[in-house]
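S.K.: Predicted model, plus sequence, below.
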Amino acid sequence: MVDLNALASECGLEFYDCETASENGKTIYRVFVTKTGGVSLEDCEKLSRILSPIFDVEPPVSGEYFLEVSSPGLERKLSKIEHFSKSVGELVKITTSEKDKICGKILKFEDENLYLDTDDGEICIKFSDIKKAKTYIEW
(Lines give C-alpha, C1' and ligand atoms only; values in the text may rest on other atoms or scores of the structure.)
Protein backbone atom coordinates (compact mmCIF):
# COMPACT_ATOMS: atom_id res chain seq x y z
CA MET A 1 0.00 0.00 0.00
CA VAL A 2 1.29 3.45 -0.95
CA ASP A 3 2.03 5.74 2.02
CA LEU A 4 0.32 8.95 0.88
CA ASN A 5 1.27 10.69 4.15
CA ALA A 6 4.99 10.19 3.53
CA LEU A 7 4.84 11.06 -0.17
CA ALA A 8 2.87 14.25 0.45
CA SER A 9 5.31 15.17 3.22
CA GLU A 10 8.22 14.81 0.77
CA CYS A 11 6.60 17.61 -1.26
CA GLY A 12 6.09 19.83 1.79
CA LEU A 13 2.39 18.95 1.87
CA GLU A 14 0.07 17.26 4.32
CA PHE A 15 -2.14 14.41 3.11
CA TYR A 16 -5.78 15.27 3.86
CA ASP A 17 -7.89 12.53 2.29
CA CYS A 18 -8.58 10.60 -0.90
CA GLU A 19 -11.69 9.47 -2.74
CA THR A 20 -12.78 7.59 -5.79
CA ALA A 21 -15.47 9.23 -7.90
CA SER A 22 -17.26 8.44 -11.12
CA GLU A 23 -17.95 11.37 -13.44
CA ASN A 24 -19.21 11.10 -17.01
CA GLY A 25 -18.48 7.39 -17.01
CA LYS A 26 -14.87 7.92 -15.96
CA THR A 27 -13.26 6.82 -12.70
CA ILE A 28 -11.31 9.54 -10.90
CA TYR A 29 -8.97 8.89 -7.98
CA ARG A 30 -8.57 12.15 -6.06
CA VAL A 31 -5.85 12.88 -3.54
CA PHE A 32 -6.42 15.94 -1.36
CA VAL A 33 -3.52 17.75 0.30
CA THR A 34 -3.12 20.85 2.45
CA LYS A 35 -0.30 23.23 3.30
CA THR A 36 0.01 26.24 5.55
CA GLY A 37 -0.50 29.25 3.32
CA GLY A 38 -2.40 27.21 0.73
CA VAL A 39 -1.71 24.60 -1.93
CA SER A 40 -0.42 25.82 -5.30
CA LEU A 41 -0.82 24.27 -8.72
CA GLU A 42 2.92 23.53 -8.65
CA ASP A 43 2.48 21.61 -5.36
CA CYS A 44 -0.22 19.46 -6.96
CA GLU A 45 1.86 18.86 -10.08
CA LYS A 46 4.89 17.83 -8.02
CA LEU A 47 2.95 15.24 -6.01
CA SER A 48 1.15 14.02 -9.14
CA ARG A 49 4.53 13.42 -10.86
CA ILE A 50 5.65 11.35 -7.85
CA LEU A 51 2.40 9.36 -7.58
CA SER A 52 1.87 8.58 -11.28
CA PRO A 53 4.75 6.09 -11.75
CA ILE A 54 4.03 4.47 -8.37
CA PHE A 55 0.35 4.06 -9.26
CA ASP A 56 1.36 2.60 -12.65
CA VAL A 57 2.90 -0.29 -10.69
CA GLU A 58 0.48 -0.34 -7.75
CA PRO A 59 -2.85 1.18 -8.91
CA PRO A 60 -5.06 2.69 -6.17
CA VAL A 61 -8.21 1.38 -7.90
CA SER A 62 -8.95 -1.39 -10.37
CA GLY A 63 -9.43 -0.59 -14.02
CA GLU A 64 -8.75 2.62 -15.89
CA TYR A 65 -8.80 5.83 -13.85
CA PHE A 66 -7.64 9.44 -13.86
CA LEU A 67 -5.49 10.82 -11.04
CA GLU A 68 -6.29 14.25 -9.59
CA VAL A 69 -4.27 15.96 -6.87
CA SER A 70 -5.78 19.07 -5.31
CA SER A 71 -6.58 21.05 -2.21
CA PRO A 72 -9.76 19.96 -0.41
CA GLY A 73 -10.99 23.55 -0.84
CA LEU A 74 -12.56 26.04 1.54
CA GLU A 75 -15.76 24.02 1.68
CA ARG A 76 -14.50 20.52 2.34
CA LYS A 77 -15.61 17.18 3.70
CA LEU A 78 -14.68 16.40 7.30
CA SER A 79 -14.41 12.70 8.01
CA LYS A 80 -11.46 12.15 10.34
CA ILE A 81 -10.88 13.28 13.91
CA GLU A 82 -7.95 15.47 12.79
CA HIS A 83 -10.18 17.17 10.18
CA PHE A 84 -12.47 18.40 12.97
CA SER A 85 -9.69 19.43 15.35
CA LYS A 86 -7.99 21.45 12.58
CA SER A 87 -11.26 23.17 11.64
CA VAL A 88 -11.95 24.90 14.96
CA GLY A 89 -13.52 28.30 14.30
CA GLU A 90 -15.04 27.26 10.98
CA LEU A 91 -18.70 26.83 10.05
CA VAL A 92 -19.88 23.27 9.50
CA LYS A 93 -23.00 21.43 8.30
CA ILE A 94 -23.47 18.04 9.93
CA THR A 95 -25.82 15.14 9.34
CA THR A 96 -26.04 12.78 12.29
CA SER A 97 -26.72 9.04 12.34
CA GLU A 98 -30.32 9.94 13.31
CA LYS A 99 -30.52 12.10 10.14
CA ASP A 100 -30.59 15.37 12.13
CA LYS A 101 -29.11 18.28 10.19
CA ILE A 102 -27.11 20.73 12.30
CA CYS A 103 -25.25 23.89 11.31
CA GLY A 104 -22.87 25.76 13.55
CA LYS A 105 -19.39 27.01 14.29
CA ILE A 106 -16.85 24.52 15.61
CA LEU A 107 -15.83 25.63 19.11
CA LYS A 108 -13.58 22.70 19.96
CA PHE A 109 -13.04 19.01 19.46
CA GLU A 110 -11.87 16.94 22.41
CA ASP A 111 -12.29 13.41 23.71
CA GLU A 112 -14.06 12.45 20.45
CA ASN A 113 -16.72 15.10 21.08
CA LEU A 114 -17.45 18.00 18.76
CA TYR A 115 -18.67 21.21 20.40
CA LEU A 116 -20.66 23.57 18.18
CA ASP A 117 -22.11 27.03 18.61
CA THR A 118 -25.52 26.85 16.91
CA ASP A 119 -28.55 29.15 16.70
CA ASP A 120 -29.98 27.09 19.58
CA GLY A 121 -26.85 27.50 21.73
CA GLU A 122 -23.82 25.31 22.36
CA ILE A 123 -24.23 21.61 21.65
CA CYS A 124 -22.01 18.54 21.82
CA ILE A 125 -22.03 15.74 19.24
CA LYS A 126 -20.15 12.48 19.62
CA PHE A 127 -17.80 11.80 16.71
CA SER A 128 -19.36 8.34 16.30
CA ASP A 129 -22.79 9.97 15.76
CA ILE A 130 -21.60 12.07 12.79
CA LYS A 131 -22.66 10.54 9.49
CA LYS A 132 -21.60 13.40 7.21
CA ALA A 133 -19.90 16.76 7.76
CA LYS A 134 -18.72 19.58 5.53
CA THR A 135 -17.37 23.05 6.16
CA TYR A 136 -19.12 25.94 4.47
CA ILE A 137 -18.61 29.64 3.88
CA GLU A 138 -21.27 32.30 4.45
CA TRP A 139 -21.15 34.79 1.59
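M.R.: Yep, it's here.
S.K.: Was I right to think Val88 contacts Ile106?
M.R.: Yes. Here Val88 lies in contact with Ile106, judged by C-beta atoms under 8 Å, at a distance of 5.1 Å. Any C-beta I mention is one placed from the backbone N, CA and C, and that applies to glycine too.
S.K.: what about the two, which has more around it?
M.R.: Ranked by neighbour count (other C-beta atoms under 10 Å), Val88 and Ile106 place Ile106 first, with 22 against 13.
S.K.: For the more buried one, give me its contacts.
M.R.: 84, 87-92, 114-116 (C-beta atoms under 8 Å, 6 or more residues apart in numbering).
S.K.: Helices along the chain, start to end?
M.R.: Taking DSSP state H, the helices of the chain run over residues 4-10, 41-57, 81-85.
S.K.: Can you say which of these is packed in most?
M.R.: For the helices of the chain, average neighbour numbers computed from mean count of other C-beta atoms under 10 Å are highest in helix 81-85, which has a mean of 16.
S.K.: still on that earlier bit, where neighbours are concerned, which of the contacts of Ile106 has the most?
M.R.: Leu114 (27 neighbours).
S.K.: Please give me every residue in contact with that one.
M.R.: Leu114 touches 84, 94, 106, 124-127, 130, counting by C-beta under 8 Å, 6+ apart.
S.K.: switch to 6 Å and redo it
M.R.: Contact partners of Leu114, counting by C-beta atoms under 6 Å, 6 or more residues apart in numbering, are 84, 125.
S.K.: Neighbours of Leu78, how many?
M.R.: By other C-beta under 10 Å, the residues close to Leu78 number 25.
S.K.: oh sorry, the question was meant for Gly12
M.R.: Neighbours around Gly12, by other C-beta under 10 Å: 13.
S.K.: Nearest spatial neighbour of it, chain-adjacent residues omitted?
M.R.: Nearest-residue entry for Gly12: Lys35, 6.5 Å, with adjacent residues in sequence omitted and distances by C-beta to C-beta, 6 or more residues apart in numbering.
S.K.: what do you get for Glu19?
M.R.: In space, Glu19 is closest to Arg30, 5.1 Å off (C-beta to C-beta, 6+ apart).
S.K.: How many residues are close by that neighbour?
M.R.: Residues near Arg30, counting by other C-beta under 10 Å: 15.
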